[in-house]
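*Asks:* Give the three-dimensional model of this entry:
(chains A and B)
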Amino acid sequence: MATLVFVEHHGSELQKGSLGVLSKAATLGDGDVAAVLVGAGVRSLAAEAATYGAAKVYVADDASLDPPLPQTRVDVLAKVVRDGGYDTVLFANSVLAADIAAGLAARLDAGLNWDLIDLVQQDGKLVGKRPALQDSVLVDVGWRSEPRLALFRAGSFDAAPTGGGAPQVEDVAVELEEHSRGAKVVDQQLEESSGPSIEDADVIVAGGRGLGSPDKFTLAEELARSLGGAVGATRAVVDAGWYPYPAQIGQTGKTVSPKLYVALGISGAIQHKVGMQSSNVIVAINKDGNAPIFEFSDLGVVGDLHEIVPKLIELLNQRKGV
Amino acid sequence: MKIAVCVKHVPEGSARLDAGSKRLDRSGEGALNHFDANAVEEALRLKGDSDTEVVVVSMGPEKAADSLRKALAMGADRAVLVSDDALAGSDLVATSRVLAKALEREGPDLVLFGQQASDGDGAVLWAAVAERLRRPVVSQAAELSVDGSTVHVKRQTEFGYDVIETALPAVVAVSDAINEPRYPSLKGIMGAKKKPSETVSLADLGIDAGDAGEAGSKTEVLALGSPPARADARKIEDDGNAAQVIVDFLVEKRLV
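*Replies:* Sure, this is the predicted structure:
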């Protein structure tokens, strides 16, 4: 098995999700695992990728690859897969990676299985595990030809350094296809969050519409403080202007997998669920007993959060002796 | 300008997988995938009062004509349904091949998609179709405008927004935050029946049956199982003591 992992970066930071996939690939067996980095100034990130299990790192480093667009990356990956003879190509899901994976599937006429949470060797065959229909079914999926392409839910694997040595770095010279040069990024509005990053927080307290009004986010903030965590928000409240976008968790926001996720007044729509369902422990408070969030909570509390949360903060602070 | 909107007919209510074929059971009632309604709405908004033609294109069983009729009732001008028994079981590779052929036949300036299918949770088809059409693609469009032959897109990402420009012809997938789809008016519903609508087969598109459906697919479903349940999940009603129950739970889980 020769596996290639697309490692995504934002600025000078390798994305935790793709490092998790790289760590997973390194445990899959006997074969070679390589990573591919695409962008401008990415060569300096190759050594870090190697510590997560890549024996070889392909680097496509060029100013034309700086904008985070999928089609230029399809060109790079298609070349690396063909020239390097890779039979398996893995991606951690993101807005960018999903488009790259699907574009590559069409370019190579290769099978793509997405939304996977695991990949295993079963009777000498590679099998993907995919939850479907709001996670009510776990589907085993396979590939009928090579290369096999797989896109994993973010947070499926922990990024674990393997302590690998200096990688073999190979430069990739790329000629871009005409249609890949069509889209131009003319402006970027990056929203940097303040306070603890929700992607790295062990505890997240997230608020939804059920908080009732924007000023009630102080409840979420106070509870987060008592638990030593960060504050998250649903798309509905971010769209409504109650809380800033960097805190948004869900399909069009961050994907998180903290040790504890406390959902306040969140219904648990699929858009939100995909961003937090891999949390270790989920506690939900919602006054609607039929809210979908209760279907995937470890502790669900049907009640008025405006009564429960202040008491909870008081009890937690008492414990801490504050 | 000509805009093609790709739409999907999805099972209504709670979908189920057929244990025999391991495919989604599509025998029941269906409806227009609600994420695709955002794409139809955006096409109609771009059209406005101009002479732009909005064509809705779908691949699916004959019943998918219902969803196309809904799009026509919203205001689309014409519908094309690709339907063929040999299409059953198509994966991404096969579906993108067939849709790209149907779109090539139309030659639109702009192709629009919704952000995902509500049944299979698929959210990648546009990128594969764009690759086959060899056109630029932009997804997660939260704002979209067309100025002459240039498309401007405000694209939502995990990190904020990218403002992207590309020349037509292009493929754009819109986010469901882009608009609120209109409801068809009674006049629209009545008028939809008179709008041009055609059904084409694989042969009409010049596609070999072996390149579509299960035969033309590169992935397969091997088995259906039960997901690992959250062990010991519980749900309580607040009787005034819920805060204490939560603290006890967090202590038990060693989270405080």
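*Asks:* hang on, B:Ser118 packs against B:Asp36?
*Replies:* No - in this structure, B:Ser118 is not within contact of B:Asp36 by CB atoms under 8 Å, at 9.0 Å. All C-beta spots, glycine's among them, are computed from the backbone N, C-alpha and C.
*Asks:* Please say which of these two ends up with more neighbours.
*Replies:* Set B:Ser118 next to B:Asp36 and count neighbours by other CB atoms under 10 Å in any protein chain shown: B:Asp36 wins out with 30 against 19.
*Asks:* quick one: that one from A:Met276, how far?
*Replies:* 26 Å (CB to CB, to the nearest Å).
*Asks:* Next: A:Pro131.
*Replies:* From A:Pro131 to A:Met276 the distance is 14 Å (CB to CB).
*Asks:* Which one of those two is surrounded by more residues?
*Replies:* Applying other CB under 10 Å to A:Pro131 and A:Met276 shows that A:Met276 carries more neighbours, namely 28 against 19.
*Asks:* who touches the more buried one in this structure?
*Replies:* Residues counted as contacts of A:Met276 (CB atoms under 8 Å, 6 or more residues apart in numbering or on different chains) are A:204, A:206, A:232, A:249-250, A:255-257, A:261, A:263, A:282.
*Asks:* Of those residues, which ones also sit close to chain B?
*Replies:* With the criterion set as CB under 8 Å from any CB of the partner chain, the members of the contacts of A:Met276 near chain B are A:255, A:282.
*Asks:* Just give me the neighbour total for the residue nearest to A:Gln277 when sequence neighbours are not counted.
*Replies:* Using CB to CB, 6 or more residues apart in numbering or on different chains and skipping the chain neighbours, the partner closest in space to A:Gln277 is A:Phe296 (5.9 Å). Using other CB under 10 Å, A:Phe296 is surrounded by 20 other residues.
*Asks:* and B:Val256, what pLDDT?
*Replies:* Among the per-residue scores, B:Val256 shows a pLDDT of 88.
*Asks:* Provide a list of residues in contact with it.
*Replies:* Listed by CB under 8 Å, 6+ apart, the contact set of B:Val256 reads A:227, A:316, A:319, B:247, B:250.
*Asks:* same thing with B:Ile178?
*Replies:* B:38, B:41-42, B:141-144.
*Asks:* Mind checking which of these are in strands?
*Replies:* Within the contacts of B:Ile178, residues falling in strands by DSSP state E are B:141-144.
*Asks:* Of those, which are in range of chain A?
*Replies:* Within those, nothing lies near chain A by CB under 8 Å from any CB.
*Asks:* What strand or helix carries B:Ala243?
*Replies:* Under the criterion of DSSP states H and E, B:Ala243 resides in helix B:242-252.
*Asks:* how close does the residue lying closest to A:Gly85 once chain neighbours are set aside get to chain B?
*Replies:* Leaving out its chain neighbours, the residue that sits closest to A:Gly85 by CB to CB, 6+ apart is A:Ala2, at 6.1 Å. Computed as CB to the nearest CB, to the nearest Å, the A:Ala2 to chain B distance reads 18 Å.
*Asks:* Phi, psi for A:Ala2 please.
*Replies:* Per-residue torsions, A:Ala2: phi -120, psi 110 (degrees, to the nearest 10).
*Asks:* On the strand side of things, show who it bridges to.
*Replies:* Under DSSP bridges, the beta-bridge partners of A:Ala2 are A:Asp32.
*Asks:* per-residue confidence at it?
*Replies:* 94.
*Asks:* Could I get the full set of helices for chain B?
*Replies:* B:34-47, B:65-74, B:92-106, B:125-133, B:186-192, B:202-205, B:242-252 (DSSP state H).
*Asks:* so of those helices, which one's packed in deepest?
*Replies:* Ranked by mean neighbour count, the helices of chain B are led by helix B:125-133 with a mean of 26 (mean count of other CB atoms under 10 Å in any protein chain shown).
*Asks:* which other helices and strands contact it?
*Replies:* helix A:70-84, helix A:95-108, strand B:2-7, helix B:92-106, strand B:110-113, strand B:137-147, strand B:170-174 (3 or more CB pairs under 8 Å, 6 or more residues apart in numbering or on different chains; DSSP states H and E).
*Asks:* out of those, which comes closest to B:Thr219?
*Replies:* helix B:92-106 (7.4 Å; CB to CB).
*Asks:* quick one: contacts of that closest one?
*Replies:* A:102, A:105-106, A:109-112, B:2, B:4, B:6, B:55, B:57, B:59, B:80, B:82, B:87, B:90, B:111, B:122, B:124-125, B:128-129, B:131-133, B:200, B:202, B:205-207, B:211-213, B:216-219.
*Asks:* now that helix and helix A:95-108, what's the angle there?
*Replies:* Angle of helix B:92-106 versus helix A:95-108, following axes from the mean of the first three to the mean of the last three CA atoms, to 10 degrees, is 80 degrees.
*Asks:* Rounded mean pLDDT for helix B:92-106, please.
*Replies:* Model confidence over helix B:92-106 averages 97 on the pLDDT scale.
*Asks:* Now for B:Phe35: which residues touch it?
*Replies:* Counting by CB under 8 Å, 6+ apart, B:Phe35 touches B:114-118, B:176.
*Asks:* try it again with 7 Å
*Replies:* In this structure, B:Phe35 makes contact with B:114-116, B:118, B:176, judged by CB atoms under 7 Å, 6 or more residues apart in numbering or on different chains.
*Asks:* Where does A:Ala198 sit: helix, strand or coil?
*Replies:* Let me fix one detail, which is that residue A:198 is Ile and not Ala. Look at A:Ile198: counting by DSSP: H, G, I helix; E, B strand; the rest coil, its state is coil.
*Asks:* ok, it - how many residues close by?
*Replies:* Using other CB under 10 Å, A:Ile198 has 27 neighbouring residues.
*Asks:* how close does it sit to A:Ile204?
*Replies:* Taking CB to CB as the measure, A:Ile198 falls 6 Å from A:Ile204.
*Asks:* ok so, going back, between which two of the ones in strands among the contacts of B:Ile178 is the distance greatest?
*Replies:* B:Ala142 and B:Leu144 (8.3 Å).
*Asks:* higher neighbour count, these two?
*Replies:* For B:Ala142 versus B:Leu144, the count of surrounding residues by other CB under 10 Å is larger for B:Leu144: 23 against 18.
*Asks:* Distance-wise, check that one relative to B:Val55.
*Replies:* Distance from B:Leu144 to B:Val55, counting by CB to CB: 18 Å.
*Asks:* can I assume A:Lys216 sits in a helix?
*Replies:* Yes - per three-state DSSP, A:Lys216 lies within a helix segment.
*Asks:* and it, how many neighbours?
*Replies:* Here the number of neighbours of A:Lys216 (other CB under 10 Å) works out to 18.
*Asks:* Now do the contacts for it.
*Replies:* Contacts of A:Lys216 (CB under 7 Å, 6+ apart): none.
*Asks:* That's all I had, so thanks and see you.
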